[in-house]
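# Fold the stuff below for me.
(4 chains)
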Amino acid sequence: MIVDAFIVLFGVLALVFAGIVLVARQPMRAALALVAHMTSLAAIFACLDVHVIALFQVLIYVGAVMVFMVYTIMLLDDRDLAYRKRFSATLVPGVAVAVVTGLALLRVLGPAGPGAPTTTTGLGPFSFSAFSAAFMTRYWLHFELATVLLLAGIVAAWAVIREER
Amino acid sequence: MMPDLLVHGLYIAYVLGFLLGLATIFTWVERKQSAVMADRIGANRAYLRIPFTQVKLVWWGLFHGIADGLKMIFKENFTPATYDRFCYNLAPWLASVPVLLVFAVVPFGGEVTPGRFFEPGSAAAEFFGDRSWRMQIAALDAGILFVLAISGVGILGTMLAGWSSNNKFSMLGAARAASQMISYEVAMGLALIAVVVTYGTVDLNDMVLWQQQAAWGILVQPVAFLLFLTASIAENKRIPFDLPECESELISGYFTEYTSMKMGLFLLSEFIEIVVISALVVTLFLGGYTLPFLRPEGFVLPGGATWELSHFAVVVLQVLTFTAKVFVVGCFQIGIRWTLPRFRYDQLMDLGWKFLLPLAALNLVVTAVVRWWTL
Amino acid sequence: MSGRPAKKQYWNEPELGLWERLYIFEIVRGLSITGGVFFRNMWKWVTGRKGALTAYYPEEVRADYSPNNRGRHVLTQRPDGKVQCVACNMCATACPAYCIEIEAAIDPTDGAHPKSPARFEIDYSRCIFCGFCVEACPEDAIRMVKDTPDLPGFDRDVMWGRKDLLMLWHPLADPRKRYPPAPEPTTEVREP
Amino acid sequence: MIHRYEFLLALAVALFAMGLLGVMVRRNLLVVVMSLELMLNAVVLSFVAAAAHTQTLDGAAMTFFIYVAATCEIALAMALLVLLVRRRGTLDLAAGHELKG
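Numbers count the residues shown, from 1 in each chain, chains lettered A, B, ... in the order given. This next block holds a predicted model:
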C-alpha cells in the first residue's frame, strides 16, 4: 500500500518534471528537470523492487547522459537565439499530434495489458546475480552486440570531432 | 515495522554524526598533521570555554573546525552580479548530498540483535524480539553499483557551480572537474569490477565476510587497491589531482564565486568524501569492521582458545574497529596531500587514460583468468 | 589539418630513469620522508618534548632574542612614581611612522615639571621599532626594552600602547641601567 | 482503484506523448534531444513495469540495451550538436533554412 503511494507520488513528480522540460526557457533548467525526472523514474523502479535497473538508471542517465548534456550546455553560448523563443511554429499541430498519439497508444496498451498476475515475491528474479546470469547465458549475443554498438558510437563521435578540426 | 524504523533511524543518525564529526576532525588533522610534518606547531588558538567558568578547553586546537564552521555560517552571502540564481543555489547541495548518500550502503558493523542488549523479558527486549539487523543503512544487493551511481551525480553539482557563477575561472574549473571525474570514474569502475570478480559478490557486507573468511582484499587485489585509491582521490579533486581548484591558476576553480556556507558545503563535502573514500577502501580492501579472530561470540584464537565477549561488547568493538581503520586511511590520504606535488593537466589525463585504465583492464583480465583457474 | 607543432625541447628537461618513471616507488619514497618526519616529531610530542622548531608566540619567548633587542617602549618614572615625560612632543616629531600621540596636561603646583602627558599612546600597528623616539627624548623619559609588546588579541584596540601600560615597567627594577639620583637643586646660570 | 501496472503504463504513455510533443514544438536543439531522452525513458518505464508485472527478467534485461543505445546516441548527438552550432552559430532549429531544397 505504502509502495503504491510512493509510486503514485514519484509518477506525479515524473510528469511534473517532464512538463518543466517542455516549457523551460533555459536549456540548463530543462536539463535539471530531466535529471529530476530520471531520478523519479529510478525511484519508481526501486519501488518495483528492480533495484539494479534503478541504479543503472541513475548511473547511466544521470551520471553519464546528463553529464554529457550539461557539459554541452556549459560550453555553448548562453546568448543563443533559441533561448529567447521557446516554441517553434508547429506548436498547435504538435500538441494535436502528441495528444492523438498518446490516446492511440493508451488505446492499444493501456486497458488490456498482458495477463499474468502480479506476484510479489520480493527481490527474487531481479537480484544482481539473476541479472548477471541472464547476461552470461541468454543474452550473451545481445550483450556482445551492444558492446560493438558502443564501440561504433565512440568511433563515430571521435570521427565527428576530428572532422571539426 | 516499529523496530525497523527505530533501528534504521538510529543508524541514519549515527552515520550522519559519524560523517560530519569525522569530517570536522579531518579538517583539524589536515592542519595539525601538516604542521607536525613541517616542524611547526599548527592551529592551537580556538578553544571552548565551559560556561560560567574560566576553564578553556584548547585540546590542541581541536575546535578550530567548529570555529571555521561558525565563521562560514555567519559570513555575508555575497553573490556575483550576474548569475543564475536557481542553479547557483542548487549546486552546493547537488555536490554534497550524493557524497553523504554513498555511505548508505557501507556496513559499519556486523549483525546486531538489539534484543540481546537488554534483560530477557524486559519491555525493550520484547519490543525488539529476536530479530537481528545488519549495521548498514540500506542492505542493497547491488552495493557497489550504488556507490558508482550516486558518486556520479556529484559531477553535476560541480559543473552547475562553475556554469552558474558566470565566471571564466569557475567555468574552466568546472570543465576540468567534469573531465577529470568522468575519466577517473572509468578506471575506478574497472578496478572495482576486478574486486567484484574476486569476491564473487557486489554486496559490500558479503565482501567483508569474504575477507574475514579468506584474507584482506589488499593482499588479494593489491593493484585494484592502488587503482581505487588513486582514482577516488582524483574523484575527490584533492592534491595531487586538484587541478579543478588549483589556487595558482584558477583562484578556487568552480567555487570561486561562492561565499559563506555555500562554499562551506563544497569544502565540507570534500572532507566528507575523504571519510567516505576511506570507508570504502576499508570495506573493500581492509576487512571492513572485522578484527582478526573476532567472531560474533568473542575472540576465537586459532589454537582453539576462546575469549567470550557479550554481544554488546562485540558490536562496540566492531564499530570502533571500523572507525579506527577509517581514521587511519583518512590520515594516509591527508599525508599524500602533503607529500605529492600537483600534476599538470595533460599528465593528469595521461595518467588516467594511458596508465590507470590499461592497468585496470589488465588487472581485470588477470583476475578473471586466475578466478577461472581456481574456480 | 595543421600538423602539431614540434615538441619543444627545454634546456632543463628532466632525465628520469625507468624506476622514477614508474612513479609509484617515488611516491613511496616521498611518503616515507614526510611520514618519517611526522612520526619523529609526533614521538617528541607524545613523550612530552617539543616536536617543532617554531615558538608559541607570545607565550613563549624565543631564546635567541638579542640582549639588545628593542621590542617595547617604556616610560620611565621619577622616584615618586610620576611619569618623567614632560609632553614636549619631541618623540612624536621624530617618529617616522607618526605613531606617537601625546596630549599634554598642566599641573601648576608642581614647580619643577608643570607639564606632563595626560595621554601618551603608541600605535603598535604602525610602529616600526626604529628607536628614534628614544634618541629624541631630552628627558630620558622613553626607553626601549627587551620585552615584546603584547600584540595578539581579539581586538584591534590592543595595538594601542597606552600610558598606563607603558609605565608598567619600572626602571628602578633594571639592574643594568640605574635611574640617576635626583640632581641637587641648583640655581641655573643662563648664558647671556 | 486502478491497477498498479495500468497506472504505470498510462504514465509511460503520457511521458512518451510529452516527449513527442517536445520533439515537435521546441525550437532549441538541445531541448529536442532532451525530449528524445524523455521518450526513451518512457519506453524504459514500460519495459520495467511489464517485467515487474510478470515477474520475469526479460523486460528488465532489455532496458540495459536501451541504456547502451542511449549512451551511444548522446555521445554522437552531443558531438554533432556542437559541430552544428559551430557551423551555424545558433541552436535554433528554425534557423536551418539552408536545408531547404
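
# contacting residues around D:Leu11?
A:Gly11, A:Ala14, A:Leu15, D:Leu45 (Cβ atoms under 8 Å, 6 or more residues apart in numbering or on different chains). For the C-beta atoms, the positions are set from N, CA and C on the backbone; glycine is no exception.

# Out of these, give me the one that has the most neighbours.
A:Ala14 (28 neighbours; other Cβ atoms under 10 Å in any protein chain shown).

# How confident is the prediction for it, by pLDDT?
Confidence at A:Ala14, expressed as pLDDT, is 90.

# Please name the nearest non-neighbouring residue to it.
A:Ser40 (4.1 Å; Cβ to Cβ, 6 or more residues apart in numbering or on different chains).

# how about that neighbour, secondary structure?
With DSSP: H, G, I helix; E, B strand; the rest coil as the basis, A:Ser40 sits in helix.

# what's the pLDDT at it?
For A:Ser40, the predicted pLDDT is 92.

# Check B:Pro240 too.
83.

# Same check on the one 4 residues further on?
In this model, B:Pro244 is scored at 80, pLDDT.

# OK, contacts around it?
B:Thr158, B:Gly173, B:Ala174, B:Arg176, B:Ala177, B:Gln180, B:Lys237, B:Leu250, B:Gly253, B:Tyr254.

# Pick out the one among those residues with the largest number of neighbours.
B:Tyr254 (33 neighbours).

# Test my guess that it contacts B:Lys168.
No: contact criterion Cβ atoms under 8 Å: B:Tyr254 and B:Lys168 do not qualify, at 11.6 Å.

# Count the residues that sit near A:Glu163.
10.

# quick one: the lengthiest helix in chain D to chain centroid distance?
For chain D, the helix with the greatest residue count under DSSP state H is helix D:58-88. Its chain's average C-alpha position is 10 Å from that of helix D:58-88, according to Cα atoms, centre = their mean, to the nearest Å.

# likewise stretch B:241-256?
With Cα atoms, centre = their mean, you get 22 Å for stretch B:241-256.

# What of stretch A:101-110?
For stretch A:101-110, the distance to the chain centre is 19 Å (Cα atoms, centre = their mean).

# what residues does that stretch touch?
The contact list for stretch A:101-110, computed with Cβ under 8 Å, 6+ apart, reads D:Glu6, D:Leu9, D:Ala10, D:Val13, D:Ala14, D:Phe16, D:Ala17, D:Leu20, D:Ser46.

# quick one, what contacts the fifth one?
Taking Cβ under 8 Å, 6+ apart as the contact definition, D:Ala14 lies against A:Leu15, A:Gly102, D:Ala42.

# how much space is there between it and A:Met66?
Distance, D:Ala14 to A:Met66, by Cβ to Cβ, to the nearest Å: 21 Å.

# shouldn't the residue nearest to A:Ala14 be in contact with A:Val8?
No: contact criterion Cβ under 8 Å: A:Ser40 and A:Val8 do not qualify, at 11.4 Å.

# Between the two, tell me which one has more neighbours.
A:Ser40 (22 against 15).

# any idea how far the closest residue to chain C within chain D lies from chain A?
Residue nearest to chain C within chain D: D:Leu83 (15.8 Å; Cβ to the nearest Cβ). Taking Cβ to the nearest Cβ, to the nearest Å as the measure, D:Leu83 and chain A are separated by 5 Å.

# Just confirm that residue contacts A:Val160, I think it does.
Yes: using Cβ under 8 Å, D:Leu83 is in contact with A:Val160, at 6.0 Å.

# now the helices for chain C?
Under DSSP H, chain C gives helices at C:18-21, C:24-46, C:90-94, C:132-136, C:163-166.

# what's in contact with the third one?
Helix C:90-94 is contacted by residues C:Tyr98, C:Ile100, C:Glu101, C:Ile102, C:Phe132, C:Cys133, C:Val134, C:Glu135, C:Ala136, C:Cys137, C:Pro138, C:Ile142 when judged by Cβ under 8 Å, 6+ apart.

# For the fourth one, give me its contacts.
Looking back up the chat, that one is C:Ile102. C:Cys85, C:Ala87, C:Asn89, C:Cys91, C:Ala92, C:Pro117, C:Arg119, C:Phe120, C:Glu121.

# beta partners for it?
For C:Ile102, the beta-bridge partners under DSSP bridges are C:Phe120.

# For the worst-scoring helix or strand of chain A on mean pLDDT, list every residue counted as buried.
The helix or strand with the lowest mean pLDDT-type score in chain A, counting by mean pLDDT, DSSP states H and E, is helix A:91-109 (a mean of 77). For helix A:91-109, burial by neighbour count (16 or more other Cβ atoms under 10 Å in any protein chain shown) applies to A:Gly94, A:Val97, A:Ala98, A:Thr101, A:Gly102, A:Leu105, A:Leu106, A:Leu109.

# for it, the distance to its chain's centre please.
19 Å.

# after that helix comes which helix or strand?
Downstream of helix A:91-109, the first helix or strand assigned by DSSP states H and E is helix A:128-137.

# Contacts made by that following helix with the rest, please.
A:Val52, A:Gly124, A:Phe143, B:Asp141, B:Ala142, B:Leu145, B:Val202, D:Leu57, D:Ala60, D:Ala61, D:Phe64.

# can you pick the most crowded of the residues you listed?
A:Val52 (27 neighbours).

# Which of the three states applies to the closest residue to A:Ser127 other than its chain neighbours?
Nearest residue to A:Ser127, sequence neighbours excluded (Cβ to Cβ, 6+ apart): B:Asp141, at 5.4 Å. The local conformation at B:Asp141, judged by three-state DSSP, is coil.

# Tell me the buried residues in stretch D:78-88?
D:Met78, D:Ala79, D:Leu80, D:Leu81, D:Val82, D:Val85.

# The fourth one is in contact with D:Leu29, isn't it?
Going back to what we said before, that points to D:Leu81. Yes: D:Leu81 lies in contact with D:Leu29 (Cβ under 8 Å); the separation is 6.0 Å.

# Between those two, which contacts overlap?
D:Leu91.

# give me the number of residues near B:Phe103?
23.

# So which residue is smack in the middle of chain A?
Nearest to the mean C-alpha position of chain A, by Cα atoms, centre = their mean, lies A:Met38 at 5.7 Å.

# circling back to that earlier point, how about the contacts of stretch A:101-110, which pair is most distant?
The span of the contacts of stretch A:101-110, defined through Cβ to Cβ, is set by D:Glu6 and D:Leu20 at 20.9 Å.

# Comparing the two, which residue is more hemmed in?
D:Leu20 (23 against 17).

# Report how many residues lie close to C:Val61.
Count around C:Val61 with other Cβ under 10 Å applied: 15.

# If you could redo that for B:Phe255, that was the one I meant.
Neighbour number of B:Phe255 under other Cβ under 10 Å is 26.

# Of all the residues in chain B, which one is nearest chain A?
B:Gly152 (2.7 Å).

# what about D:Gly19, which helix or strand?
helix D:4-25.

# Any buried residues in that helix, and which?
Buried-residue list, helix D:4-25, by 16+ other Cβ under 10 Å: D:4-25.
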